[in-house]
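>>> coordinates only, sequence not included:
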């Protein structure tokens, strides 16, 4: 058992006890619990996720002291410099981010130690006393998947029975579906592969960057006309669909962008959290798309 | 030593001998060598690359029998179904591709064995007797880098002395540079991160999907205003540049797309190859971008 694992197990044990005796203030359901720490809040969240603690999870505290009392929570797709500043302006000291803070999946920072962009971000976090905690693996492990739930609500689609990521909609063309998805996500631009006039009725949905293997397997094994996804590697899923179309198969791919495809899941987190943390001010601070297009 | 390594070493040894005694026909420099096999052609190419043979390279034959005589060569960014069909129409039985044929970096096919898209592509390759060989690691290892050379020619930029991927250009804005790059690459759409009116004079160029770490390190360590790259992971380089801009730093990122950013390097391969394989018909067959945009 390594020290990281010990830390997480000890933490969870301590927190379970704390959650049972939380010192909520007596002024009603909308008042903030006076002594709720960020560690307490994390424990309450994890109690509601069926996935057991994992030593390999990326869902760790990335910055700040989680023993401090919660003054407010900001949920976001990614704790950008601007999101952190906005959270501080809102009086929130706890940022829950879905994606990494320091530009790599494991938030490793040794390679960034002398980097000016990293250093300035770390300084902002320290000055504002902000705790950033990642909620990625566990939010996807919520039942139903937290990201998928928020995204599905945003799209207004009804999943097929027993399949949370497969949907049947009134038939439309691939191009019109891309336009509709773009408008619902508020994306500045959406890419697609396939015949623009191809009929789409059955849709697979895969927010984020799920990987070429799983995306292609979904397209291959499920009887879907089109896969709507967040991000791809451009030598994988897009090339599979390009070949499928060249072979005369009726398949399409819509690539929404990573941010628009998952942000609704972090917006939904606000509603999911509110009854679990009554009295805590919880706000969604959108990261938004970083891209302009020409 | 595993069988793969044995195979490559044996092959290279055999080929070095063959290259020394190639049976060129006697009717002049433009005539095809009558008995030149695809293995011979590969050996001649590799003789011109300074990188030693690697057991871990992805530059292997992906399909077909390379002991057959070359009838013609098609170079391409990626051996799509359409590219293979066009190569066959041109009478070429040897396709040199930069990127994978079967939708994953190592061209593993076990997971695709019952997949209809893969099966149809394999059938086309077999019916047409096409050999596909990947020229990725070794082409990047050419001195200068084969892809970078072709891309630089297309852009018309002059590298700084001693730095093949850093360029100084007359000052322009980030948006205008994105437009210029889009036009030169013939891209349908180009994304950028940063202030559209930011001045750009020093450019870093990183075709393909070089990875977040190397891309960020280039932005961090070199005094460049903007990085022009092929593909990114959307939680890495784009977020680094977004933070840099929020911190008041003058940095930009232009994301061209993987295909447009490397295709000129496979177009340049035709000119590089012609004097080495006199008399062989060599044609660039562009894969082109698979994307439409709304």
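On my side now, so go ahead. Values in this document were obtained by computation on a predicted structure and should not be read as measured data. Numbers count the residues shown, from 1 in each chain, chains lettered A, B, ... in the order given.

>>> show me where chain A has its helices.
Using DSSP state H, the helices found in chain A span residues A:3-20, A:38-47, A:81-89, A:116-128, A:137-141, A:146-155, A:174-185, A:212-221, A:237-246, A:258-273.

>>> so the fifth one, near chain B or not?
In other words, helix A:137-141. No: Helix A:137-141 does not reach chain B (Cβ under 8 Å from any Cβ of the partner chain); its nearest approach is 14.3 Å. C-betas here are computed from N, CA, C, even on glycine.

>>> hang on, the earlier thing: format the helices of chain A as TSV; extra columns: mean neighbour count and mean pLDDT.
Output for the helices of chain A, formatted as TSV (neighbours: other Cβ atoms under 10 Å in any protein chain shown; pLDDT from 0 to 100):
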stretch	mean neighbour count	mean pLDDT
helix A:3-20	13	34
helix A:38-47	21	97
helix A:81-89	19	98
helix A:116-128	17	98
helix A:137-141	20	97
helix A:146-155	22	97
helix A:174-185	20	97
helix A:212-221	19	97
helix A:237-246	26	98
helix A:258-273	24	98
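
>>> please convert the ones you listed to CSV, extending it with distance to residue B:150.
Shown next, in CSV, are the helices of chain A (distance: least, Cβ to Cβ, whole Å):
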stretch, distance to residue B:150
helix A:3-20, 46
helix A:38-47, 51
helix A:81-89, 37
helix A:116-128, 31
helix A:137-141, 41
helix A:146-155, 40
helix A:174-185, 32
helix A:212-221, 26
helix A:237-246, 21
helix A:258-273, 30
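
>>> what's the closest of these to residue B:162?
Proximity to residue B:162 (Cβ to Cβ) singles out helix A:116-128 among the helices of chain A, at 24.2 Å.

>>> quick check, the closest one touching chain B?
Yes: contact between helix A:116-128 and chain B, assessed by Cβ under 8 Å from any Cβ, occurs at A:116-117, A:120-121.

>>> what sits against the nearest residue to residue A:115 once chain neighbours are set aside?
Nearest non-adjacent residue to residue A:115, counting by Cβ to Cβ, 6 or more residues apart in numbering or on different chains: residue B:220, 4.8 Å away. Listed by Cβ atoms under 8 Å, 6 or more residues apart in numbering or on different chains, the contact partners of residue B:220 are A:115-117.

>>> and the stretch 1-150 of chain A, which residues reach chain B?
A:78, A:80-82, A:85, A:99-100, A:103-105, A:111, A:115-117, A:120-121.

>>> which residue is the nearest non-sequential neighbour of residue A:261?
Excluding the flanking residues, the one nearest residue A:261 by Cβ to Cβ, 6+ apart is residue A:230, at 3.2 Å.

>>> report how many residues lie close to the one you found.
24 (other Cβ atoms under 10 Å in any protein chain shown).

>>> go ahead and confirm it touches residue A:205.
No: applying Cβ atoms under 8 Å as the test, residue A:230 and residue A:205 come out as separate, 9.8 Å apart.

>>> tell me the buried residues in stretch A:220-237?
The neighbour-count check on stretch A:220-237 (16 or more other Cβ atoms under 10 Å in any protein chain shown) flags A:220, A:224-237 as buried.

>>> biggest separation within those, which pair?
A:225 and A:235 (23.2 Å).

>>> report the spatially nearest residue to residue A:36, omitting neighbours in sequence.
Sequence neighbours aside, residue A:70 is the residue nearest to residue A:36 in space, at 5.1 Å (criterion: Cβ to Cβ, 6+ apart).

>>> ok, now residue A:267?
residue A:284 (4.5 Å).

>>> can you give me phi and psi for the residue nearest to residue A:261?
Main-chain torsions, residue A:230, degrees, to the nearest 10: phi -90, psi -60.

>>> look up how far residue B:245 lies from the residue of the stretch 51-200 of chain A found nearest chain B.
Relative to chain B, the nearest point of the stretch 51-200 of chain A is residue A:81 (3.9 Å; Cβ to the nearest Cβ). Going from residue A:81 to residue B:245 by Cβ to Cβ, to the nearest Å gives 9 Å.

>>> again, but for residue A:260
20 Å.

>>> measure stretch A:161-174 end to end?
End-to-end distance of stretch A:161-174 (Cα to Cα, to the nearest Å): 24 Å.

>>> ok, now stretch A:106-124?
Start-to-end, stretch A:106-124 (Cα to Cα) is 20 Å.

>>> shouldn't residue A:282 be in contact with residue A:270?
Yes: here residue A:282 lies in contact with residue A:270, judged by Cβ under 8 Å, at a distance of 5.1 Å.

>>> now for these two: what residues contact both?
residue A:75.

>>> return the subset of the buried residues of stretch A:220-237 lying in strands.
Among these, DSSP state E puts A:226-229 in strands.

>>> Serialize those to a markdown table and add fields for distance to chain B and pLDDT.
Shown next, in a markdown table, are these (distance: Cβ to the nearest Cβ, whole Å; pLDDT from 0 to 100):
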| residue | distance to chain B | pLDDT |
| --- | --- | --- |
| A:226 | 13 | 98 |
| A:227 | 13 | 98 |
| A:228 | 13 | 98 |
| A:229 | 12 | 98 |
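
>>> need the residues you listed in JSON lines with distance to residue B:57, can you?
Shown next, in JSON lines, are those (distance: Cβ to Cβ, whole Å):
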{"residue": "A:226", "distance to residue B:57": "36"}
{"residue": "A:227", "distance to residue B:57": "31"}
{"residue": "A:228", "distance to residue B:57": "36"}
{"residue": "A:229", "distance to residue B:57": "30"}
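
>>> centroid-nearest residue for chain A?
Centroid check for chain A by Cα atoms, centre = their mean gives residue A:98 as the closest residue, at 4.0 Å.

>>> so who does that residue touch?
Taking Cβ under 8 Å, 6+ apart as the test, what residue A:98 contacts is A:76-78, A:134-136, A:139, A:147, A:262, A:265-266.
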